[in-house]
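Provide a 3D model corresponding to the input given below.
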Amino acid sequence: MRRFAVVVLMVLIFPAVPGAFAQDTPSPAPAASPAPAAAPATPAPAAVPVAPTPVPTPLPEATLEDVEASWREMIAQVPSPIPASTLDSQLAKNDEEKLRLMVVDLRNLASLTREWRVYREQQIPPVERLVSLYRKEAEALGDKRANQRKKEQYARRVEALSHYMELMRERLTNLDQYLQALDLALEAHETRLQQIVSAGATQAAQNAEANVAADDAAAGSIPKFFTNDGTRDEFSTYERHKRILDDLQRQLENQIAAQKEAEAKVDLYGELIKAARMKLATQSADAKLTQREETVTEELSAAYRGESTWSGLWRDRLKQVAARREELRKEIGEQNRLINQYAGDRSYAEAVSELKKQRASEIEQAIAKERTRLPDVLLRTAWDLVLSKGLILIAIVLLGWLIGRIIRFIGNVLIRRSERNTAVSGPESEQRTRTLVTVFSGVLRGLVFFVLGLLFLDALGVNITPLMGAFAILGLAVSFGSQNLVKDIVNGFFILAENQLSVGDVVKTGGVAGLVESISLRRLVLRDLEGTVHSIPNSQITVVSNLTHNWARTILDIGVAYKSDLVKVRGILNRIGEEIYKEPDWKIKMYEAPSVMGVESLADSSIVFRVWVKVKPGAQWDVKRELNLRIKQAFDKEGIEIPFPQRTVWTVGASNLDPNSALLKAAAEAGADDD
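As a prediction, this is how the structure comes out:
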């Protein structure tokens, strides 16, 4: 309530007089603001009548007694003293709670320090005003001898108040430095608190410390493993090796975590030492300022001697200053002790960090050494498996080999039977059998080896239940995510089951023609005449044109001139067909002799005869080339003309001809007909 009264009194007194708290010396002029840019000329708006502004009534100037009373009230409103600590952080249960209490402690100290700063700062304006008023009063007294004592009293007060203002400004500077030290310590504690919170709960940190302690106690020992009933479990050499590595890796992770924790504490204590030294410097400066304040207070007490309103105030102030001097002496000692404690804690944290680093290095070396034993471990594990489960493993391997031989034997039997039946069913049956045997034997082998592989792993002691679940999930994922693969397999199955094509066939599909080199449940591989290999997924095969399925037909369209003897031409073609069919090398490729079907068409410049012959698959191209050769040779021998496009060119001398001559007109007409 008293503070509220002081504030109301300041509002009523100081703003009423311009420059009430200003010193007699002229204050610096404010910095000139930059001139605004010249605005473009615009026509002046029409004048608007403005009501005259009323002249404010000047407030009465504050008197010397009012300012003195206000300053006395300010001096009496002393804030709470700044303690070394406001909370007992030693009651915390763990590091996180302790840091939270320290953060609250530092924030309270900063708040109290800011209150003292406001208390010091708000005294400067009234003191400045008092100095100004005392000087004016002294000047008003003049040089009369009767007023000389009063002038000397005013001079002593001006001098004492000037010293007081200088002291307050120095205290403000020292309080700012103290606030900086508190902010530095607060930032260090908050950073450390954030590290602890982000690293996990406090319980996890305690568990990590317990693990490190257990690791240190059991350093270098080999872990022992027991079953649920307490008997010793005989692990394989590889399992024991793996468990040792896992245990060492866990120890390494714990040591690294402890090392990082120690390094964070080193950083924390380093910042705290820096902040504590700053606080010590400000407290030492505060002690000197407190000693000066005692001198200035005695000086003020002497300057206001004889006035009862001031004498009690200065006596109380001297007691407060003396008490503050004693508190500072204790705080400086406590701050020195705290710096030494922080230094010791930092040294301990550095030693712990170095120890954990060394321990982590030893564990890394142990891990590297243990890993170098892996070849020997694998050999010993294999030998143990041979001794303990060798018969089972050998039986599984022999079973796989036997099933593979049986699959191969059945496939060879089917292929040989198909070869024996080639004379009856043709080569297409053999090709189809080979294709089906190749595809389905591969699928069957893969299925058998997969099952035997699981049995092998189960015999080794591997839990295959998760593997079965993983394969089930993989199959489900493939069925949903790889629909094209499913389509490939389904289409490939029907292509093989329906005997649409076989290895060795010549087919056309998807704009590509070539020899079928291989076919599986997923893709078809073709090689064209240029040797280019085309791989076509079965899902993209919609139409297949098989040029070598069961039988083929060779068709020849032969054109002769209109003046040719058609009966003679027909006889020649029949004779050539009979001759080539009688030859064993060509008869084996044909099912019948070539037949002349007759006149196929009457073209513009030729009469077209059609000849065709039914041949075995893949022989149509050889038969066609041989027939073309023999027909050409026979026509040349018999003088039968095979028409071909011709053009007649007339060459004349244009300079010797009349443009209207009949010869030139005939040449022009002939050229037009040729075009």
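
so where's the chain uncertain?
1-61, 83-93, 199-235, 385, 421-432, 461, 478-482, 646-675 (pLDDT under 70).

buried ones in stretch 330-347?
Neighbour counts over stretch 330-347 (16 or more other C-beta atoms under 10 Å) mark Glu331, Ile332, Gln335, Leu338, Ile339, Tyr342, Asp345, Arg346 as buried. From N, CA and C alone the C-beta is placed, and that goes for glycine too.

what would those residues look like in a markdown table with distance to Ile580?
Shown next, in a markdown table, are the buried residues of stretch 330-347 (distance: C-beta to C-beta, whole Å):
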| residue | distance to Ile580 |
| --- | --- |
| Glu331 | 126 |
| Ile332 | 127 |
| Gln335 | 122 |
| Leu338 | 118 |
| Ile339 | 118 |
| Tyr342 | 113 |
| Asp345 | 110 |
| Arg346 | 108 |
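
residue boundaries of the helices in the stretch 501-650 of the chain?
566-582, 584-587, 620-638 (DSSP state H, counting those that start in this stretch).

how near is Glu261 to Leu289?
41 Å (C-beta to C-beta, to the nearest Å).

which residues touch the closest residue in space to Ala603 that isn't next to it in sequence?
In space, and not counting its chain neighbours, Ala603 is closest to Gly559: 6.3 Å by C-beta to C-beta, 6 or more residues apart in numbering. Residues counted as contacts of Gly559 (C-beta atoms under 8 Å, 6 or more residues apart in numbering) are Ala603, Ser605, Ser606, Ile607, Val608, Phe609, Ile642, Pro643.

now the closest residue in space to the fourth one that isn't next to it in sequence: how far from Glu350?
Leaving out its chain neighbours, the residue that sits closest to Ile607 by C-beta to C-beta, 6+ apart is Val560, at 5.5 Å. Taken as C-beta to C-beta, the spacing of Val560 relative to Glu350 amounts to 111 Å.

so these two - more neighbours on which side?
Taking other C-beta atoms under 10 Å, Val560 and Glu350 do not tie; Val560 has more neighbours (22 against 16).

verify the stated contact: the more buried one with Ile640.
Yes: counting by C-beta atoms under 8 Å, Val560 touches Ile640, with 5.8 Å between them.

other SSEs contacting the helix or strand where Gln251 lies?
Using DSSP states H and E, Gln251 sits in helix 237-303. Judged by 3 or more C-beta pairs under 8 Å, 6 or more residues apart in numbering; DSSP states H and E, helix 237-303 is in contact with helix 148-199, helix 202-217, helix 308-372, helix 374-420.

try it again with 10 Å
The helices and strands touching helix 237-303, judged by 3 or more C-beta pairs under 10 Å, 6 or more residues apart in numbering; DSSP states H and E, are helix 95-121, helix 148-199, helix 202-217, helix 308-372, helix 374-420.

report how many residues lie close to Asp528.
That count, for Asp528 with other C-beta under 10 Å as the rule, works out to 13.

let me see the backbone angles for it.
Per-residue torsions, Asp528: phi -90, psi -170 (degrees, to the nearest 10).

which non-adjacent residue is nearest it?
Going by C-beta to C-beta, 6+ apart, Asp528 has Gly514 as its nearest residue, at 3.9 Å.

which of the residues in stretch 388-399 are buried?
Leu393, Ile396.

what about it, distance to the chain center?
48 Å (C-alpha atoms, centre = their mean, to the nearest Å).

sorry, back to before: max pairwise distance over the contacts of Gly559: which two?
Ser605 and Phe609 (14.6 Å; C-beta to C-beta).

in terms of neighbours, single out the busier of the two.
Phe609 (22 against 11).

shared neighbours, Val560 and Ile640?
Lys568, Val569, Ile572 (C-beta atoms under 10 Å, 6 or more residues apart in numbering).

thinking again about what came up before, buried members of the contacts of Gly559 into PyMOL, please.
The buried residues among these can be selected in PyMOL (16+ other C-beta under 10 Å) with this line:
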select buried, resi 606+607+609+643
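
take the contacts of Gly559 and write them to CSV, including distance to Leu101.
Shown next, in CSV, are those (distance: C-beta to C-beta, whole Å):
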residue, distance to Leu101
Ala603, 111
Ser605, 114
Ser606, 114
Ile607, 117
Val608, 111
Phe609, 114
Ile642, 114
Pro643, 115
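
how about the contacts made by the residue nearest to Ile607?
Going by C-beta under 10 Å, 6+ apart, the list of residues near Val560 reads 566, 568-569, 572-573, 599, 606-609, 635, 640-643.

what is the neighbour count of Gln283?
Gln283, neighbours per other C-beta under 10 Å, totals 23.

nope, Arg317 is what I was after
20.

I'd guessed it sits against Thr297; true?
Yes: in this structure, Arg317 is within contact of Thr297 by C-beta atoms under 10 Å, at 5.1 Å.
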